[in-house]
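>>> quick one, what's the 3D model for this:
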Amino acid sequence: MALGLAALAPAAALAQEAPAEEKQGWSVEGNVDLVSDYVFRGISQSNRDPALQAGLTLSHSLGFYAGIWGSNVDFDTPGDGISTEIDYSLGWAGALGGGMGYDLSVVRYTYPGANSGYDISYNEFLGKLTFADEKFFLLLGHANDYARSGEAATYVQAGTDWPLGESGWTLSAAAGHYDLSKVYGKSYQDYLLGLGRSFGPVDVKLSYVTTSGASEDIAPRKWTRGRLVAQFSIPFKF
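Purely as a prediction, here's the structure:
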């Protein structure tokens, strides 16, 4: 059985230019989500079962932020003791001008309760650039010791979140490449196409996710084949 892939903790939104009187200060925002399948980079982390997730981010108007995010997981490995994932993030985000932005962060993926020999906690360094007022993005992630394998892994992804006029709907599309050649001797690609919209206090998104090249060495086929994923999210802010 291949090691399960960890989840990327949702990063704080790129910092927006605030009015002069709000240049300095802290804010707290978060979310509570229900998903039909917890998917990370095209691969299920919940054995294709629903997951309840929550996150909290403390951010400063200068762009610095710290966050915590959690979800139930199921890697279908008897004796691993893993049923929860908690991720911690530190980052710095801001604007570059001309509709561009950046987000630099480090994420610690942890699995409380993992039994001896099954702890796959690790760190990942992430860099994200956005373009055209956040309509397009390019993401790069690198882990020096992926899932405690002693080997490095690199992920690159490009995508868009495109508002569909005044309809309130947003079209999301993304494609990524996960270089796991030093870990499993193989790499794979993941793809996403989705539609999302807010309905009062609830954000709803329906996505089709799939992969190519994700062999059984990386994850079971049932975790990687194409499927629809629904997400219901309640964001909040203090």
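>>> shouldn't residue 96 be in contact with residue 102?
Yes - when contacts are counted by C-beta atoms under 8 Å, residue 96 is listed as touching residue 102 (5.9 Å). From N, CA and C alone the C-beta is placed, and that goes for glycine too.
>>> so which of those two has more stuff around it?
residue 102 (17 against 12; other C-beta atoms under 10 Å).
>>> got the contact list for the more buried one?
14, 93-94, 96, 127-130 (C-beta atoms under 8 Å, 6 or more residues apart in numbering).
>>> recalculate using a threshold of 6 Å.
Contacts of residue 102 were listed using C-beta atoms under 6 Å, 6 or more residues apart in numbering, and they are 96, 129.
>>> leaving out sequence neighbours, find the closest residue to residue 146.
residue 153 (3.8 Å; C-beta to C-beta, 6 or more residues apart in numbering).
>>> likewise for residue 226?
Residue 226's closest residue in space is residue 210 (C-beta to C-beta, 6+ apart), at 3.4 Å.
>>> hey, what's the one you found bridged with?
Counting by DSSP bridges, residue 210 forms beta bridges with residue 191.
>>> that one: how many residues sit nearby?
15.
>>> and if you look at residue 101?
With other C-beta under 10 Å as criterion, residue 101 counts 22.
>>> and residue 43, by the same measure?
Residue 43 has 21 nearby residues by other C-beta under 10 Å.
>>> from residue 185, how far off is it?
Residue 43 sits 17 Å away from residue 185, going by C-beta to C-beta, to the nearest Å.
>>> go on, residue 231?
33 Å.
>>> which one of those two has more residues nearby?
Using other C-beta under 10 Å as the criterion, residue 231 and residue 185 rank with residue 231 on top: 20 against 10.
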